[in-house]
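1. Turn this into a structure:
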Amino acid sequence: MAALPTTPQNNFICNKTIIINLIKQDLVNWKMINLLQKMQVRADDYQLDIGSIIFEIMDLSNRENVDEIFDKYVEMSRPVLKLIVGQSNREIDALAAKIYDYLEQFINEQNQSNL
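-> Purely as a prediction, here's the structure:
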């Protein structure tokens, strides 16, 4: 009996919790890179580039103003550099949620223009 052909499943749901967790991981990674650089360790190879993954998942990477949005994303992430990661989980959670809200406005804006 021949197997039935299957169609690829493209059912990934981009939910808020996943994106916020990715943003938190990006913040922690950025903090780690910064600390390594302060210790004069060449840390560029440890950069995970999670921000670009977030932009892809949220369908922001093809926007005309993606550079402006990404610059603001980086600017909003800077406060993590002043936090002590192991002792600042609530602050990191709040910062990630704030960044998510900023990015989400562009999704909502895009959805409104598609109506």
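
2. give the contact list for Lys31.
-> With contacts defined as Cβ atoms under 8 Å, 6 or more residues apart in numbering, Lys31 is in contact with 80-81, 83, 85. The way it works is simple: take the backbone N, C-alpha and C, and place the C-beta from them, glycine included.

3. what about 6 Å?
-> 80, 85 (Cβ atoms under 6 Å, 6 or more residues apart in numbering).

4. can you tell me the helix or strand for it?
-> helix 16-38 (DSSP states H and E).

5. Go ahead and name everything in contact with the helix or strand of the chain with the lowest mean pLDDT.
-> Lowest by mean pLDDT, DSSP states H and E among the helices and strands of the chain is helix 89-113, with a mean of 86. Contact with helix 89-113 is made by 19-20, 23-24, 27, 58, 60, 76, 79, 83, as judged by Cβ under 6 Å, 6+ apart.

6. one more time with 7 Å
-> Applying Cβ atoms under 7 Å, 6 or more residues apart in numbering, the contact partners of helix 89-113 are 16, 19-20, 23-24, 27, 58, 60, 63, 69, 72-73, 76-77, 79-80, 83.

7. Could you do stretch 15-27 as well?
-> 50-51, 53-54, 57-58, 77, 80, 92-93, 95-97, 99-100.

8. Could you turn the buried ones of the residues you listed into a ChimeraX selection?
-> Buried members of the contacts of stretch 15-27, defined by 16 or more other Cβ atoms under 10 Å, are picked up in ChimeraX with:
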select :50,51,54,58,77,80,92,95,96,99,100
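
9. Do I have it right that Ala43 meets Trp30?
-> No. Assessed by Cβ atoms under 7 Å, Ala43 is found out of contact with Trp30, at 10.5 Å.
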